[in-house]
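Visitor: Sequence first, predicted model second:
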Amino acid sequence: MPSPADVRAIVATLPGAVEQETWGHPTFRVRNKMFAAMAADGSTASIKAVREEQEALTQSAPDTFFVPKYVGVHGWVGVTLGAVDRAELTELLTEAWRMTAAKRVVAAFDADHPAGWPHPPREAPEEPERKLSRWIPAH
């Protein structure tokens with residue numbers, strides 16, 4: 001069962017990640033963008049994720065995962081620290097950091113870590129094709 005110290009230790013392995021107290025509880029950021037937050041009492045954490053992952057986790061283990069207030073509508077997943085496996089927590093925090101950190105930093109991190117650390121990176125969701133504004137002149 002991971003503790004708040006374990007969350008901090010995992011985050012400390014992620015380049016550029018910092019802890020910042022905001023709203024009376026610890027938040028974890030990279031490039032000044034939040035990718036995780038922990039309850040003031042250290043019992044739960046909210047971690048950035050995509051809606052599909054949030055849905056899968058909350059349905060498969062509702063005693064461990066939940067939809068957190070405020071950020072849950074954006075896909076974040078709540079985690080009960082006393083019920084989650086440390087390896088899964090590491091994967092969730094790492095993936096949240098990967099979605100938030102600069103691509104070049106993520107690429108350097110991937111190059112420095114063996115395949116499968118802590119788990120193979122997930123495929124990024126395909127981004128929709130963006131249409132150029134009609135006001136941009138064609139060349």
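Guide: Sure, I can see it.
Visitor: how about the longest helix seen in the chain: buried residues?
Guide: In the chain, with assignment by DSSP state H, the single longest helix is helix 86-100. Neighbour counts using 16 or more other Cβ atoms under 10 Å place 86, 88-100 of helix 86-100 among the buried residues. Using the backbone N, CA and C atoms, a C-beta is placed for each residue, glycine as well.
Visitor: State the mean pLDDT of that helix.
Guide: Helix 86-100 shows a mean pLDDT of 95.
Visitor: And that helix, what does it pack against?
Guide: Here helix 86-100 touches helix 4-12, strand 25-30, strand 33-38, strand 44-47, strand 77-80, going by 3 or more Cβ pairs under 8 Å, 6 or more residues apart in numbering; DSSP states H and E.
Visitor: ok, now with 6 Å
Guide: strand 33-38 (3 or more Cβ pairs under 6 Å, 6 or more residues apart in numbering; DSSP states H and E).
Visitor: contacts for the strand it packs on?
Guide: 7, 26-28, 45-48, 93, 96-97, 100 (Cβ atoms under 6 Å, 6 or more residues apart in numbering).
Visitor: again, only using 7 Å
Guide: 4, 7, 25-29, 45-48, 93, 96-97, 99-100 (Cβ atoms under 7 Å, 6 or more residues apart in numbering).
Visitor: Show me the two of the residues you listed that sit farthest apart.
Guide: By the measure Cβ to Cβ, 4 and 99 form the most distant pair in these, at 22.3 Å.
Visitor: Check residue 111 and give its pLDDT.
Guide: So, for residue 111, pLDDT stands at 88.
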